[in-house]
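S.K.: Here you go, sequence then predicted model.
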Amino acid sequence: MKVGKETIIEAFLQLLHKKSFEELSVKEIIQKAGFSRSTFYLHFADKYELMEDVRRTLNGHFLSFYEMEFNQWGKPMTLHLCEHIFEYRSFYELEFSDTNAIQKLSNRLAAHLLLVFDDQDYAIFASYGTIGYLTIWVKNSFQMSPAEAAEKLLKIGFTNWTKKIGYEI
């Protein structure tokens, strides 16, 4: 059985499919969760703290894909990313409409990629490109399946652009 906090978060994410964050009230969240107001306030000061908790958790999960060894995937890492975003699309639709949130996530991803590639320029370029691509995918209402988006993102990541433009370094 799920504990109160998990149920509140699940109810919140379900409601984000139907209403914008600004329109949502604590009353609606607790009604959907089936809990009292006191249970909500036991875990969160307000809906903004709830949103920050969800952001921390889901962005942390997003970034964790970059911490695993490549051979642990079983399928392309980009597919894990796209499936994650699609599963939590109500959150990412909100997250990727906020330029501040996009920049913060891009910076956090760049820091992770710096550890992987040990090249700050590449880490920044790959991070902002990845988040930019995913943002457009989300803003276009997921016109491609997660598998299609993942395949295109993977192809972009492995493209040798110097050969594409006829310039070798």
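M.R.: Looks like it arrived, so ask away.
S.K.: Hmm, Tyr128 is touching Ser106, no?
M.R.: Yes - between Tyr128 and Ser106 a contact is recorded at 5.0 Å, counting by CB atoms under 8 Å. In this view, the C-beta of every residue, glycine as well, is placed from N, C-alpha and C.
S.K.: List the contacts of the closest residue to Phe40 other than its chain neighbours.
M.R.: Excluding its sequence neighbours, the residue lying closest to Phe40 (CB to CB, 6 or more residues apart in numbering) is Ile30, at 5.0 Å. With contact taken as CB atoms under 8 Å, 6 or more residues apart in numbering, Ile30 is in contact with Ile8, Ala11, Ser36, Arg37, Thr39, Phe40.
S.K.: ok, 10 Å please
M.R.: Taking CB atoms under 10 Å, 6 or more residues apart in numbering, we find Ile30 in contact with Gly4, Thr7, Ile8, Ala11, Phe12, Ser36, Arg37, Ser38, Thr39, Phe40, Tyr41.
S.K.: Can you select the buried ones among those residues for me in PyMOL?
M.R.: Restricted to buried positions by 16 or more other CB atoms under 10 Å, the PyMOL selection for the contacts of Ile30 reads:
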select buried, resi 4+7+8+11+12+39+40
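S.K.: Nearest to Gly132 among the contacts of Ile30?
M.R.: Closest to Gly132 out of those is Phe12 (26.8 Å), distances taken as CB to CB.
S.K.: gap between the closest one and Thr39?
M.R.: 13 Å (CB to CB, to the nearest Å).
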